[in-house]
Structures are given as structure tokens and as C-alpha cells.
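[1] Sequence first, then the predicted structure, then my questions.
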Amino acid sequence: MKDSHGIEGQPASAHGPGRAPAGIPLTIRMGEREFAALVRIARHRDTTASALVEQLVLHALTKAEVPPPAESHPARKHTTYEEATAGFRQEGVLKAAGS
């Protein structure tokens, strides 16, 4: 498969453009020289540029400090079906529909 730079190889993602396999979208912008260098390194290592970028990002995430999860509480308590329909009577709907 040829990409826009005329280099044969694998597509950037098997999931298609704009879809993140791991669930977190990530955009990396680089110039033509940097992209060409990345492709050369990938070919030398018998892999793809996208695999190298994925390895780089995953390695960086293992070294990054992760903040603790935020305390979150529901805005309001869950309403059950019975609570939501407590004032509703089927007879009233049938009378209104029949009128």
C-alpha cells in the first residue's frame, strides 16, 4: 500500500484514520524530514513507523506521573422505574386516548 509520501508499507492504523486502537486519540505532527527519518528507522528495525510511535508513547506513559483519580459522586441518586412511574396510572391514558 502506498501512502501520501509514496512509501510502500503498512497503513498507519488497522482501525482506520481517526480511530484510536487504545481508546485515546493522539495526534503527532512532524515535518517531512522527521517523518522520513522515522520511516528509515522503522525499515531498519523491520517494523512500521506507527509501531515505533506506539512504543515511544507507551514508554513515555510508563515514566509519566499519573494524578490520583478524582473524587466523583453522582449529581443525584438513581431513580428506579417504580419511582419514576409511581404517579402514572394506565386507566388515565386509556381514557385520554379514547376521548
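    Yep, it's here.

[2] Can you show me the helices along this structure?
    Using DSSP state H, the helices assigned to the chain run over residues 32-44, 49-63, 81-84, 90-98.

[3] Select, out of those helices, the one closest to residue 69.
    For residue 69, the closest of the helices of the chain is helix 49-63, at 16.2 Å, according to CB to CB. To be clear about C-beta, it is placed using only N, CA and C from the backbone, and glycine gets the same treatment.

[4] Can you redo the helices of the chain as a markdown table, where the extra columns are mean neighbour count, distance to residue 25 and mean pLDDT?
    Below are these laid out as a markdown table (neighbours: other CB atoms under 10 Å; distance: least, CB to CB, whole Å; pLDDT from 0 to 100):
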| stretch | mean neighbour count | distance to residue 25 | mean pLDDT |
| --- | --- | --- | --- |
| helix 32-44 | 13 | 19 | 94 |
| helix 49-63 | 12 | 12 | 88 |
| helix 81-84 | 8 | 36 | 87 |
| helix 90-98 | 8 | 46 | 61 |
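
[5] need these in JSON lines with distance to residue 26, can you?
    Shown next, in JSON lines, are the helices of the chain (distance: least, CB to CB, whole Å):
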{"stretch": "helix 32-44", "distance to residue 26": "15"}
{"stretch": "helix 49-63", "distance to residue 26": "7"}
{"stretch": "helix 81-84", "distance to residue 26": "41"}
{"stretch": "helix 90-98", "distance to residue 26": "51"}
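
[6] Relative to residue 30, how far out is residue 82?
    57 Å (CB to CB, to the nearest Å).

[7] one step back: figure out which of the helices of the chain is closest to residue 74.
    helix 81-84 (15.0 Å).

[8] Pull the closest one out as CSV, backbone CA atoms only.
    As requested, the backbone C-alpha atoms of helix 81-84 are provided in CSV (Å, rounded to 0.1, in the frame of the first residue of the first chain):
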residue,chain,number,x,y,z
TYR,A,81,-38.6,2.6,37.3
GLU,A,82,-41.1,2.2,40.0
GLU,A,83,-40.3,5.6,41.5
ALA,A,84,-40.4,7.3,38.1
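
[9] Having no further points to raise, I will conclude here.
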